[in-house]
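Asker: 3D model of this:
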Amino acid sequence: MARRKGGKILIVDDEKNIRHLVRSMVSKENTVIEAEDGEVAIYMARRHKPDLILMDIMMPKMDGYTACKTIKMGPITRAIPVVMLTAVGYELNVELARGMGADGYITKPFSQQNLLDMIARFLKVPTEK
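Answerer: Below you'll find the predicted structure:
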């Protein structure tokens with residue numbers, strides 16, 4: 001049986017229960033770190049250099065748009081893919097997220113399979129035998 005080794009994923013959401021839910025969906029094959037707002041996300045991205053960031057848009061202190069733009073402008077973090085996770089699915093928000101550098105966008109609620117499919121688009125991890 002082949003065992004897949006995943007990547008390091010930073011989950012950013014101000015709601016602890018959402019972070020816990022996403023962690024439970026992705027932690028089986030990935031290392032997960034968490035941040036509760038955009039400011040902490042930037043710090044964690046610089047410090048831990050995750051392979052992927054899953055980030056909420058609407059958060060206190062610093063929203064996901066601003067954090068995404070800051071991450072994408074940083075020389076250490078610009079290559080990290082950022083996928084926005086949000087309850088707001090309006091096309092204008094999708095375009096704004098793309099304008100800030102987001103690489104993907106998932107509207108809440110989402111299924112575990114949709115989330116794993118999105119992660120697979122960005123994490124090209126070989127399988128171990």
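
Asker: Secondary structure element holding residue 43?
Answerer: Following DSSP states H and E, the helix or strand that holds residue 43 is helix 38-48.

Asker: Going along the chain, name the helices of the chain.
Answerer: Secondary structure of the chain (DSSP state H): helices located at 16-26, 38-48, 64-73, 91-99, 112-122.

Asker: how far away is the residue most central in space within the chain from residue 111?
Answerer: Relative to the mean C-alpha position of the chain, the nearest C-alpha, by CA atoms, centre = their mean, is the one of residue 54, at 1.2 Å. Taking CB to CB, to the nearest Å as the measure, residue 54 and residue 111 are separated by 14 Å. To be clear about C-beta, it is placed using only N, CA and C from the backbone, and glycine gets the same treatment.

Asker: I'd say residue 7 and residue 31 touch.
Answerer: Yes. At 7.3 Å, residue 7 and residue 31 qualify as touching, with contact defined as CB atoms under 8 Å.

Asker: Low-confidence stretches in this structure?
Answerer: When residues are selected by pLDDT under 70, those of the chain lie in 1-5, 88-94, 125-129.

Asker: go with 80
Answerer: Regions of the chain meeting the criterion pLDDT under 80 cover residues 1-6, 86-99, 124-129.

Asker: which ones are touching the closest residue to residue 29 other than its chain neighbours?
Answerer: Counting by CB to CB, 6 or more residues apart in numbering, the nearest residue to residue 29 once its immediate chain neighbours are dropped is residue 6, at 3.9 Å. With contacts defined as CB atoms under 8 Å, 6 or more residues apart in numbering, residue 6 is in contact with 26, 29, 30, 31, 123, 125.

Asker: Pull up the gap between residue 6 and residue 28, please.
Answerer: 8 Å.

Asker: How about residue 18?
Answerer: Distance from residue 18 to residue 28, by CB to CB: 18 Å.

Asker: Who has more neighbours out of these two?
Answerer: For the pair residue 18 and residue 28, the greater number of neighbours falls to residue 18 (16 against 9), based on other CB atoms under 10 Å.
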